[in-house]
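Peer 1: Sequence first, predicted model second:
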Amino acid sequence: MKKNMGGVDKILRFIVAAIIVVLYLLGKISGTLGIVLLAVAAVLSLVSLIGSCPLYLPFGIDTRSKEKK
């Protein structure tokens, strides 16, 4: 897959995923909502590690800096 995520985008997604996991482990979110948010956190982490967001592809969005393209 073509990389289309910049560094800031990756970091923000990873931070949001980490916050969701911490909130789940602390018991602040639970039940069905907790499981759904954990799945979202897993997707955010995976996408940030890969560097390619599938939702960006149809819209032609690319958040990488100009010099790295």
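Peer 2: In hand now; what should we look at? Numbers count the residues shown, from 1 in each chain.

Peer 1: give the contact list for Tyr24.
Peer 2: By CB atoms under 8 Å, 6 or more residues apart in numbering, the contact set of Tyr24 is 30, 34, 37-38, 41. C-beta coordinates here come from the backbone N, C-alpha and C atoms, glycine included.

Peer 1: Filter those residues down to the buried ones, PyMOL style.
Peer 2: To isolate the buried members of the contacts of Tyr24 in PyMOL, using 16 or more other CB atoms under 10 Å:
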select buried, resi 34+37+38+41
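
Peer 1: which of the contacts of Tyr24 lies closest to Lys3?
Peer 2: Using CB to CB, Ala41 is the member of these that lies nearest Lys3, at 21.3 Å.

Peer 1: Wait, the closest one touches Ala17, no?
Peer 2: Yes - between Ala41 and Ala17 there is a contact under CB atoms under 8 Å: 4.0 Å.

Peer 1: Between the two ends of stretch 16-33, how far is it?
Peer 2: Stretch 16-33 has an end-to-end distance of 16 Å (CA to CA, to the nearest Å).
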